[in-house]
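[1] Show me the folded form of this:
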Amino acid sequence: MEPLILATFWILYFILHSILASNWIKQLIKNKLSTFYSFYRLTYNGVALITLILVLQFQGSITPIFFFQKTILLQIIGFLIIVLGAILGYLAFKNYSTAEFLGLDYNKFPEENKDIINTSGFNSFVRHPLYFASLLLIWGYFIVNPNSNILIMNGVITAYLIIGTKLEEQKLIKEFGQQYKDYINQVPMLLPSISLLIKQLKK
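    The predicted model follows:
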């Protein structure tokens, strides 16, 4: 029963995450609470952090089932994948404004200054490099700590990233039109293109 509850909590967490990130909620806040709107990103991040901590606390209270024995080789492989994910995530994040991402740039509304698509850096060989880095981190962690709780968490996160990315891209197509459709045709969504990566490294 506990694994089912844990999976439900993770699903509810991401449903809440998606609702709060949706355009209709942002528009509602903008119309009803315009003075608060510039703080929306910061509030959104605060709610996401608090609810994440609550889910992780519940997860930590469940005794997990281990699927296979930890070995030094698997620990090294998992650790290397985690390090790779962290490095790629750091490099990919350099394409974004930290203050704007965290909601600390109060002079900007969430939708402002997005007239062009960011296709530089790691975005040139995978459309969502931060999501790819996240997948490396969580599945590397599963190799290091191969238990049922981590598998449930990773399964829900992976499903959310795939579904959420597709839904997000529908919004981006509406916003950027043919420009984003061309980007979709040229660059893969979550798994990097090796050929494009090689071209990027040669520059």
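
[2] Give the lowest-confidence helix or strand of this structure, using mean pLDDT as the measure.
    The helix or strand with the lowest mean pLDDT-type score in the chain, counting by mean pLDDT, DSSP states H and E, is helix 98-102 (a mean of 64).

[3] So which residues of this protein form strands?
    Shown for the chain, no strands are assigned by DSSP state E.

[4] Spatially central residue for it, please.
    The residue lying closest to the centre of the chain (Cα atoms, centre = their mean) is Y131, at 4.5 Å.

[5] Okay, that residue and L137: tell me how far apart.
    In this structure, Y131 and L137 are separated by 11 Å, where distance is defined by Cβ to Cβ, to the nearest Å. Quick note: C-beta positions are derived from backbone N, CA and C, even for glycine.

[6] returning to what we had before: surely the residue nearest to the centre of the chain touches T165?
    Yes - when contacts are counted by Cβ atoms under 8 Å, Y131 is listed as touching T165 (6.2 Å).

[7] between the two, what contacts are shared?
    Shared contacts of Y131 and T165, defined by Cβ atoms under 8 Å, 6 or more residues apart in numbering, comprise L190.

[8] For the closest residue to I157 other than its chain neighbours, the count of nearby residues, please.
    Excluding its sequence neighbours, the residue lying closest to I157 (Cβ to Cβ, 6 or more residues apart in numbering) is I138, at 5.8 Å. I138: 19 surrounding residues under other Cβ atoms under 10 Å.

[9] Pull the contacting residues for L151.
    67, 142.

[10] And it, what's its pLDDT?
    In the predicted model, L151 carries a pLDDT score of 97.
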